[in-house]
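S.K.: Pasting the sequence and the predicted coordinates here, then a few questions.
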Amino acid sequence: MANKLTNIKWKHYVNYIAVAIVTVVFGALAFAGALPSSALYLLEKIAISIILAVSLSMVVGFLGELSLGHAGFMCVGAYLGGKASVILEPMLKGVPAGKEIALVISLIVGGVVAALFGIVIGLPALRLKGDYLAIVTLAFGEIVRSVFMNTSSESFGGALGLSTPRYNKSILFIIAFVLVLVCLAVTQNLIRSKHGRAITAIRDNEIAARATGINVTKYKLAVFTISSLFAGVAGVLYSYSNYNVQSSKFSYNYSIEILVMVVLGGMGSINGSIIAATLITYLDNTLQTVLTGDLAVLQDLLYALILIVIVIYNNAPALKNFRDRFNLQSVLKRKFDPNHQHDDEAKWDRVPTKIAMNEILSVDVQPQMSTLDPDKKEGV
Amino acid sequence: MADIILKTENLGISFGGLKAVSEVNLEIKKKQLYGLVGPNGAGKTTIFNILTGVYKPTTGKVFLDGEDITGKTQMVINHKGIARTFQNIRLFNNMTVIRNVLVGLHDQPEFKCSLIDSMLRLPRHFKVEKAMRAKAKEILRVVGLEEERNFLSCNLPYGKQRKLEIARALATNPKLLLLDEPAAGMNPNETAELMTIVRRIRDEFDMTVLLIEHDMKFVSGLCDEVTVLNFGTVLAQGTAEQALNDPEVIRAYIGG
């Protein structure tokens, strides 16, 4: 039994455990009535951000395609899921657990419709690469937003927004965190499988991936669809958390905000995305209370600054030494294992060379040269 | 004939007005080591790109094991049994050595495992992963990279990266292996080692190998049959000794 426990790769499950602990602790606090409603709202926001960041990191970090339309998929989910809950609410009035059924159905509706949009957009768009894909997804996000903006007030509320039903606040954030766990499970199980390897292979070298027989189109579409499904789910959660869906929320800036979370957390790192999403959402929330009025502009400036600093920090050659020495992993290693030496700390002149010079030159070096003793060098 | 694995008929491709390759007829027999040589710009890599489906030929046909594969996509051709390496190494740099090989094993029928199997972690997923790792180790052993299997592939020395590319191509279980300048940039020791590896691959996997190479020692020491190309057309064909001693070939290489 003990053997079995040590055999488990705990590193793979750290994030599930952390999220579960957070959920249980705050759930207990909420039931005890110790949390104000603003804290509950912040927790919901954090859960939504985590789902968005993790799902976008699949596209950006693992598939290596830049998508700037994540808020657009979220918008589709928020409106369609919100509308479904508005329709279902009066229908399920007398039914026991009617609200829960409505929530589940609208989550499914929002997620599935967003996923369908993902397929429809992905089929043509994924033939494009890099900047072009970014532009198409950006356009998609803006189109979706303005379409919902111009709907009539009976259908999707138009400029006033769609009012959605309320849900018990002290339970909603628990549901949101359970969905975070589901999202994590799907994403990580996908990435840590042969399919995940194929996806990262496409990111690393698409030409080689094609030549190795990987179905590139299938995997691109699958990742794009799963990612937009979770964006849709996050949208439905958003509609439940705010009682009101306004299309102005899902602008280009919001897509960028999600992208900042992914970049800040480190591309291709799910744990990083979770931490960054939590931090940025918290920061966002506090800044909103601090920076009021004219100062509100500074908030967007802050994102830009963070993004620039992170990009420079991660890529500048001048900072390489600093990065190697002071990243968390090597700091911890030095702390617990002082004899540890980082790979790159090995000096070039200490690397033993096994190849003799005449082998490199592929010619017969003159005999007195090859028998030359390094100690006698000065005598010659 | 049944033992001809790859046959091209009158193969040609032109880019706009430029005829890169024309009227190339190859016949490669099973378990043969076939060489494709020629000066720079002769169209050797273009032929590889046609065979693997990167380009569609403007004229002619390609038959793999008697089956017409002309104009199929890269993925389909790979599944039918042609795998290749690249002239400029194209590895999955951010992955470990063994993972590179595992990607090659991805589409083998015995390792079939759907997205749902993996996402729900059904028993099939674990079974397949275990079997794949065992198989990948076996392939790495053949090319002599078993020790380095947990290194990042970009950290390998050049010669070993070439070998890893061969291992990845082998993992797709091809009938025909295309090697694009496998010995480029290798020192004589590594080249000699590569020759034994290629022979071993032929014997252990019953593989047919078509290779492009500029190192004539390598070609004449290894290949059963050679085709010499110049300006996209066949200059000479035959055993290595015959073809490389052909006066036309010498003129094309050295000039005069």
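M.R.: Happy to help now that I have it. Predicted model, so just to flag it, every value in this text is computed and none were measured.

S.K.: what about A:S155, how many neighbours?
M.R.: Residues near A:S155, counting by other C-beta atoms under 10 Å in any protein chain shown, number 11. (C-beta placed from N, C-alpha, C; glycine too.)

S.K.: whoops, I mixed them up, A:V236
M.R.: A total of 31 residues lie near A:V236 under the criterion other C-beta under 10 Å.

S.K.: now do the one 5 residues further on
M.R.: A:S241 has 21 neighbouring residues, counting by other C-beta under 10 Å.

S.K.: Quickly note the distance from it to A:G82.
M.R.: 11 Å (C-beta to C-beta, to the nearest Å).

S.K.: repeat for A:G158
M.R.: 14 Å.

S.K.: What sits closest to residue 26 if chain neighbours are left out?
M.R.: Picked chain A for this. Nearest residue to A:F26 in three dimensions, chain neighbours excluded: A:L43, at 6.0 Å (C-beta to C-beta, 6 or more residues apart in numbering or on different chains).

S.K.: could you do chain B instead?
M.R.: Going by C-beta to C-beta, 6+ apart, B:L26 has B:T8 as its nearest residue, at 4.7 Å.

S.K.: Is the one you found located within a strand, as I assumed?
M.R.: Yes. Counting by DSSP: H, G, I helix; E, B strand; the rest coil, B:T8 is found in a strand.

S.K.: was I right about it contacting B:I28?
M.R.: No. At 9.0 Å, B:T8 does not count as touching B:I28 under the criterion of C-beta atoms under 8 Å.

S.K.: Enumerate the residues of chain A near chain B.
M.R.: A:185-186, A:189-190, A:193-198, A:200-201, A:203-205, A:207-216, A:222, A:268, A:355, A:359-360, A:362 (C-beta under 8 Å from any C-beta of the partner chain).

S.K.: Now stretch B:95-112: average pLDDT?
M.R.: Mean pLDDT, computed over stretch B:95-112, is 90.

S.K.: now the residue nearest the centre of chain B, nearest residue through space, not along the chain?
M.R.: With distances taken as C-alpha atoms, centre = their mean, chain B has B:L178 as the residue nearest its mean C-alpha position (1.8 Å). Among residues not flanking B:L178 along the chain, B:R84 sits closest, at 4.0 Å (C-beta to C-beta, 6+ apart).

S.K.: ok, the one you found - contacts?
M.R.: By C-beta atoms under 8 Å, 6 or more residues apart in numbering or on different chains, the contact set of B:R84 is A:211, B:48, B:51-52, B:169, B:177-180.

S.K.: How about the contacts made by the nearest residue to A:V178 once chain neighbours are set aside?
M.R.: Once flanking residues are discounted, A:V178 sits nearest to A:T23: 7.3 Å by C-beta to C-beta, 6+ apart. By C-beta under 8 Å, 6+ apart, the contact set of A:T23 is A:174, A:177-178, A:181.

S.K.: next one: B:H125
M.R.: Contacts of B:H125 (C-beta under 8 Å, 6+ apart): A:193, B:113, B:117-118.

S.K.: so is B:Y55 in a helix, a strand, or just coil?
M.R.: Relying on three-state DSSP, one would call B:Y55 coil.

S.K.: go on, B:A236?
M.R.: Going by three-state DSSP: B:A236 is strand.

S.K.: contacting residues around it?
M.R.: With C-beta under 8 Å, 6+ apart, B:A236 has these contacts: B:226-228, B:242-243, B:246, B:248-249.

S.K.: In which helix or strand does the closest residue to B:K112 other than its chain neighbours reside?
M.R.: Counting by C-beta to C-beta, 6+ apart, B:V128 is the residue found nearest to B:K112 once chain neighbours are left out, at 7.4 Å. Here B:V128, judged by DSSP states H and E, is contained in helix B:123-143.

S.K.: What about B:V101? Give its phi and psi, please.
M.R.: Torsion angles at B:V101 (phi, psi; degrees, to the nearest 10) stand at phi -70, psi -40.

S.K.: What distance do you get for the nearest residue to it once chain neighbours are set aside to B:Q161?
M.R.: In space, and not counting its chain neighbours, B:V101 is closest to B:A136: 4.2 Å by C-beta to C-beta, 6+ apart. Per C-beta to C-beta, B:A136 is found 17 Å from B:Q161.

S.K.: for residue 149, what are its contacts?
M.R.: I'll assume chain A. A:M149 is in contact with A:158-159, A:247-248, counting by C-beta under 8 Å, 6+ apart.

S.K.: Actually, chain B is the one I wanted.
M.R.: B:96-98, B:136-137, B:140.

S.K.: and the residue of the stretch 51-200 of chain A nearest chain B?
M.R.: Proximity of the stretch 51-200 of chain A to chain B (C-beta to the nearest C-beta) peaks at A:S193, 3.6 Å away.

S.K.: Report the separation between that residue and A:G265.
M.R.: 22 Å.

S.K.: These two: who's more crowded?
M.R.: Each of A:S193 and A:G265 has its neighbours counted (other C-beta under 10 Å); A:G265 has more, 25 against 20.

S.K.: Surely the more buried one is in contact with A:A277?
M.R.: Yes. Counting by C-beta under 8 Å, A:A277 is a contact partner of A:G265 at 7.3 Å.

S.K.: Need the residues touching each of the two.
M.R.: A:A53.

S.K.: so where do the strands sit in the chain?
M.R.: I went with chain A, as the question did not name one. Secondary structure of chain A, counting by DSSP state E: strands at A:162-163, A:244-245.

S.K.: Chain B was what I was after
M.R.: Using DSSP E, strands in chain B cover B:4-15, B:18-29, B:33-37, B:59-64, B:67-68, B:82-84, B:176-180, B:208-212, B:225-230, B:233-238.

S.K.: Can you tell me which of these is packed in deepest?
M.R.: When these are scored by mean count of other C-beta atoms under 10 Å in any protein chain shown, the highest mean neighbour count falls to strand B:82-84 (a mean of 27).

S.K.: Please compute how far it lies from its chain's middle.
M.R.: 5 Å (C-alpha atoms, centre = their mean, to the nearest Å).

S.K.: Can you tell me the strand partners of it and which way each runs?
M.R.: Strand B:82-84 has the following strand partners under DSSP bridges: strand B:176-180 (parallel).

S.K.: sorry, back to before: in helices, which of the contacts of A:T23 appear?
M.R.: Those of those mapping onto helices are A:174, A:177-178, A:181, per DSSP state H.

S.K.: Please list only the buried members of these.
M.R.: A:174, A:177 (16 or more other C-beta atoms under 10 Å in any protein chain shown).

S.K.: Quick check: the farthest pair among the ones in helices among the contacts of A:T23?
M.R.: Greatest spatial distance among those (C-beta to C-beta): A:I174 and A:L181, at 10.7 Å.

S.K.: Residue numbers of the stretch 151-256 of chain B in contact with chain A?
M.R.: B:168-169, B:172, B:187-189.

S.K.: Top of these by number of neighbours, please.
M.R.: B:R168 (30 neighbours).

S.K.: Ignoring the adjacent residues along the chain, who's closest to it?
M.R.: What sits nearest to B:R168 in space, not counting adjacent residues and going by C-beta to C-beta, 6+ apart, is B:G104, at 4.2 Å.

S.K.: swap in B:E241?
M.R.: B:E241 sits nearest to B:S220 (C-beta to C-beta, 6+ apart), 6.8 Å away.

S.K.: what's the one you found in contact with, if anything?
M.R.: B:S220 neighbours (C-beta under 8 Å, 6+ apart): B:240-241, B:244.

S.K.: Kindly give the local confidence score, pLDDT, for A:S106.
M.R.: 93.

S.K.: these two touch, right, it and A:A84?
M.R.: Yes. Using C-beta under 8 Å, A:S106 is in contact with A:A84, at 4.1 Å.

S.K.: Neighbour count: those two, which is higher?
M.R.: Shown here are A:S106 and A:A84; by other C-beta under 10 Å, A:S106 has more neighbours (27 against 22).
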